[in-house]
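Engineer: Give me coordinates for this.
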Amino acid sequence: MDMYPSFQLELARQRQRELPAAEQPRGELLYLRQLGAGDREALSRAFSRLSPLSRYWRYSSAKADLAHADLDRLTDLDPPRSDALGAFRASDDELVGVVEYAAREATAAPELAVVVVDDWQRRGVGTVLANLIIERARTARHSLLHAHVLANNYTGLRLAQRLGFTAAAHDDLFIHYQLPL
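Structural biologist: Residues are numbered from 1 along each chain as shown. Reported below is the predicted structural model:
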């Protein structure tokens, strides 16, 4: 199991920057690791805790359940073409956030996606996960990452910009971002 000791430190720094001291949540220990075949149930449970709006912003549709293809993509990784990390509560191994990158074709630049269950949003979990997967993409020698964010998902748009992505194109629904690595 890959553990990231700096995760708690980075999460604390992120919280300090983004939340006034009075609003900082009580620190719950999280651990971070690459997702695998044994995480299908945890992924399904985490998905069930997403609000309809969070599901829409992540999947661009009102999905009722994660499809087998979604679970396969997140648990049957093919580094360096794809990678996925999960943030789990240390107290009960509950999955609270997921980040992934995946390329549809071997020669294409991968696309980054982040989702955090509603109770854990705006605590810095998504930012920490995204920064770590970006570093893993760099280490895997990708030269570019893409992100497609719904134009009305202002939280997602701000996250992409904070991570250093720049808008490359847009259409009626999405803003297409890219991040040179």
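Engineer: So the residue nearest to Phe174 when sequence neighbours are not counted, which state does it fall into?
Structural biologist: Nearest in space to Phe174, with sequence neighbours left out and distances taken as Cβ to Cβ, 6 or more residues apart in numbering, is His148 at 4.8 Å. C-beta coordinates here come from the backbone N, C-alpha and C atoms, glycine included. For His148, the assignment made with DSSP: H, G, I helix; E, B strand; the rest coil gives strand.
Engineer: Just give the number of residues close to His148.
Structural biologist: As a burial measure, His148 scores 18 neighbours (other Cβ atoms under 10 Å).
Engineer: try Gly86
Structural biologist: 24.
Engineer: So what are the sheet partners of the helix or strand containing it and their directions?
Structural biologist: Using DSSP states H and E, Gly86 maps to strand 82-89. Applying DSSP bridges, strand 82-89 is found paired with strand 30-34 (antiparallel), strand 95-102 (antiparallel).
Engineer: Quick check: which of those strands is nearest to Leu77?
Structural biologist: Closest approach to Leu77 among the strands paired with strand 82-89 (Cβ to Cβ): strand 30-34, 7.0 Å.
Engineer: What is the distance between whichever helix or strand comes after that closest one and the centre of its chain?
Structural biologist: Going down the chain from strand 30-34, the next helix or strand is helix 40-48, by DSSP H and E. The chain centre lies 14 Å from the centre of helix 40-48; the measure is Cα atoms, centre = their mean, to the nearest Å.
Engineer: Helix 40-48 and whatever helix or strand comes next after helix 40-48, what's the angle between them?
Structural biologist: Scanning forward in sequence from helix 40-48 by DSSP H and E, the next helix or strand is helix 52-59. Orientation note: helix 52-59 sits at an angle of 120 degrees relative to helix 40-48 (axes from the mean of the first three to the mean of the last three Cα atoms, to 10 degrees).
Engineer: Quick one: residues in contact with helix 52-59.
Structural biologist: By Cβ atoms under 8 Å, 6 or more residues apart in numbering, the surrounding residues in contact with helix 52-59 are 47, 50, 61-63, 113-115, 117-118, 121, 150, 153, 155-156.
Engineer: So which of those residues sit within strands?
Structural biologist: Ala113, Val114, Val115, Leu150 (DSSP state E).
Engineer: Tell me what the first one is bridged to.
Structural biologist: With DSSP bridges applied, the residues forming beta bridges to Ala113 are Glu100.
Engineer: Report the buried residues of the longest helix along the chain.
Structural biologist: In the chain, taking DSSP state H as the definition, the longest helix is helix 125-139. By neighbour count on 16 or more other Cβ atoms under 10 Å, the buried set for helix 125-139 is Val125, Gly126, Thr127, Val128, Leu129, Ala130, Asn131, Leu132, Ile133, Ile134, Arg136, Ala137.
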